[in-house]
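Chemist: Predicted coordinates and the sequence they were generated for:
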Amino acid sequence: MFRRGFLPNVGNLLAFEATARHGSVSRAAEELNLTQSAVSRQIQQLEESLGVSLFSRSRQRVVLTDVGRLYASQVRSTLSELSDATHQAIALSGTTGVLNLATLPTFGTRWLIPRIPSFFAQHPGATVNFGVRLVPFDFSTEPFDAAIHFGEPHWPGAVCELLRTEEAVPVCSPAYRERENLRSPQDLTRATLLQQSTRPTAWAEWFASVGVEVSNPLRGPRFEQFAMVAQAAAAGLGAALIPHFLIDDELASGRLEILFPNSLVSGGAYYLVYPEHKAETPLLRSFRDWILDQTRQG
């Protein structure tokens, strides 16, 4: 909570920030389209209100004091946040609501965003802003109303709505399969195994499920996102275990093909997560109903 008595005039802050950035009153005045005397007067008013000197002055030069250097950094950050908030307020003019959603990168690009037009068709005045978060976070300190989460349904102070489980299938490009002569699960023991860094035991679990012993199922290049793994597999770099629903386009186009029918059901699942106190927010409730319906449709 801010105290109004400690809020300086914004014009004075702009004059101070520009002068601090340029190290020159004249250049700050030129940027702000003011006279040098007006800028100097605004800085003086700011220093008087604070009771500290922000600049040391020597002839035509102005140099930030230690206090001024610290204050300039904080003022610059605050002005930037104020500018962003104002831009968002203007951008949202005429909308019926805003939902700030944190999502997993590949889930967002491969599954959610291709389906989101149907949500906007049902709610034409709504705006959904997308951000990326890979691990759980504190909703009270982040600018999000909800998140797409993979793992267990554990998130303090939040509701976790199950969206779907994850079933990964072994895939590679047709050219790689032919080149490496991959005809049985045993053949994968000599293939390059493309690894997804957040599923480090996936290949070991898959080999165990098909009864094949492999000396080192952790070998092979690692990638942070399934989208990168899919691209690498399509480029013929190796074989990959990827959730079926994330590679529908590659399978349909023939860029990837499923090697064997044996799939691996992950121990985790995808969830829509939101703070308990926002459960009845109209737009969030509408989004929740929509995305649950999308998952029920397959």
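Modeler: Noted; the coordinates are in hand. Numbering: from 1, shown residues only.
Chemist: Give the pairing partners of whichever strand in the chain runs longest; include direction for each.
Modeler: Looking across the chain with DSSP state E, the single longest strand is strand 158-172. Counting by DSSP bridges, the strands paired with strand 158-172 are strand 239-243 (antiparallel), strand 257-258 (antiparallel), strand 264-275 (antiparallel).
Chemist: phi, psi of the residue positioned nearest the centre of the chain?
Modeler: Nearest to the geometric centre of the chain sits residue 132, at 1.3 Å (CA atoms, centre = their mean). With angles defined as degrees, to the nearest 10, residue 132 sits at phi -120, psi 130.
Chemist: Now do the same contact list for it.
Modeler: By CB atoms under 8 Å, 6 or more residues apart in numbering, the residues touching residue 132 are 102, 103, 104, 105, 108. C-beta coordinates here come from the backbone N, C-alpha and C atoms, glycine included.
Chemist: Grab the nearest non-local neighbour of the fourth one.
Modeler: I take that to be residue 105. residue 225 (5.1 Å; CB to CB, 6 or more residues apart in numbering).
Chemist: before we move on, back to that, tell me how far the longest strand of the chain is from the chain's mean position?
Modeler: 19 Å (CA atoms, centre = their mean, to the nearest Å).
Chemist: List the buried residues of whatever helix or strand comes next after it.
Modeler: Going down the chain from strand 158-172, the next helix or strand is helix 174-180, by DSSP states H and E. By neighbour count on 16 or more other CB atoms under 10 Å, the buried set for helix 174-180 is 176, 177, 180.
Chemist: quick one on the thing from earlier: pick the most buried one from the strands paired with strand 158-172.
Modeler: Highest mean neighbour count of the strands paired with strand 158-172: strand 239-243, a mean of 26 (counted as mean count of other CB atoms under 10 Å).
Chemist: tell me the pLDDT at the residue nearest to the centre of the chain?
Modeler: Residue 132 carries a pLDDT value of 94.
Chemist: next one: residue 90
Modeler: Reading off the model, residue 90 has pLDDT 61.
Chemist: contacting residues around residue 171?
Modeler: With CB under 8 Å, 6+ apart, residue 171 has these contacts: 233, 239, 240, 241, 242, 247, 250, 251, 256, 257, 258, 259.
Chemist: 10 Å - rerun?
Modeler: Taking CB atoms under 10 Å, 6 or more residues apart in numbering, we find residue 171 in contact with 177, 194, 229-230, 233-234, 239-242, 244, 247, 250-251, 255-260.
Chemist: Same check on residue 68?
Modeler: 16, 19-20, 43, 47, 50, 52-56, 62, 75 are the contacts of residue 68 under CB under 10 Å, 6+ apart.
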